[in-house]
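>>> here is a sequence together with a model predicted from it:
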Amino acid sequence: MSEKRLDYLTWDEYFMGVACLSAQRSKDPNTQVGACVVNRKKKIVGIGYNGFPTGCSDDELPWAREGGTLDTKYAYVCHAELNAILNSIVSDLEGCTLYVALFPCNECAKIIIQSGLKEIVYLSDKYAETDIVRASKTMLEMAGVKWRKLSGCRESVTIRLSEDCV
Ligand SMILES: O=c1[nH]c(=O)n([C@H]2C[C@H](O)[C@@H](COP(=O)(O)O)O2)cc1CO
Ligand SMILES: [Zn+2]
């Protein structure tokens, strides 16, 4: 007798796992963010992580957090949510859900709203006390975009990349 596996990933764990795997591509030394856009049929339609724009060297632009405007990463970096939405394989994201490691900033909130996403699922809200996140939540609430912190799920997922992975 062969029973079905019971410890398979939930949908939430799966989509957040994909977002977090994507985050591991980020070169940001301080905060690696991944994002995954999922449609109503539970199909992944976009993935992204934070990084400099295509063609803009990871080695030449600064990763610093402090300094003049031109000397920090903030002037240059594309946020994970922006990349996930721009990388989308479909043109219409109406009703989609965004899985993202970090609560979206105000600029990403604008993009999320304008793209028609309906829900945000996140892990960390470490910048909740900043005006950027306050502005983000004000706009998301006005636009009817829901958000929820991922909870009640496993804390980590192991991915094995060796030949005996199956
Ligand atoms: O919503 C977000 N999405 C996102 O990709 N990011 C990126 C931009 C930066 O590369 C990094 C934040 O850097 P730091 O935590 O050092 O300030 O995370 C940051 C936010 C929130 O500000
Ligand atoms: Zn952002």
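Looks like it arrived, so ask away. Ligands and ions are numbered 1, 2, ... in the order given.

>>> so the most centrally placed residue in the chain, which of the three states?
Residue closest to the mean C-alpha point of the chain, counted by Cα atoms, centre = their mean, is residue 35 at 2.1 Å. Secondary structure assignment for residue 35 (DSSP: H, G, I helix; E, B strand; the rest coil): strand.

>>> same check, this time on residue 132
Reduced to three states by three-state DSSP, residue 132 is helix.

>>> contacting residues for it?
105, 106 (Cβ atoms under 8 Å, 6 or more residues apart in numbering). To be clear about C-beta, it is placed using only N, CA and C from the backbone, and glycine gets the same treatment.

>>> from ligand 1, how far off is it?
6 Å (Cβ to the nearest ligand atom, to the nearest Å).

>>> what of residue 87?
In terms of Cβ to the nearest ligand atom, residue 87 sits 13 Å off from ligand 1.

>>> residue 134 now?
As judged by Cβ to the nearest ligand atom, residue 134 and ligand 1 stand 12 Å apart.

>>> picking that back up, test my guess that the residue nearest to the centre of the chain contacts residue 86.
No: Residue 35 is beyond contact range of residue 86, at 10.8 Å (criterion: Cβ atoms under 8 Å).

>>> so in terms of bridging, what pairs with the residue nearest to the centre of the chain?
Residue 35 has these beta-bridge partners by DSSP bridges: residue 48, residue 100.

>>> between residue 35 and residue 86, which contacts overlap?
46, 48.

>>> sorry, back to before: which residues touch the residue nearest to the centre of the chain?
19, 22, 46-49, 80-81, 83-84, 98-101.

>>> please redo it, this time with the cut-off set to 7 Å
Taking Cβ atoms under 7 Å, 6 or more residues apart in numbering, we find residue 35 in contact with 19, 48, 80, 81, 84, 98, 99, 100.

>>> same check on residue 72?
Residue 72 sits next to 62, 64, 65, 66 when contact means Cβ under 7 Å, 6+ apart.

>>> I'd guessed residue 29 sits against residue 63; true?
Yes: using Cβ atoms under 7 Å, residue 29 makes contact with residue 63 at a distance of 5.5 Å.
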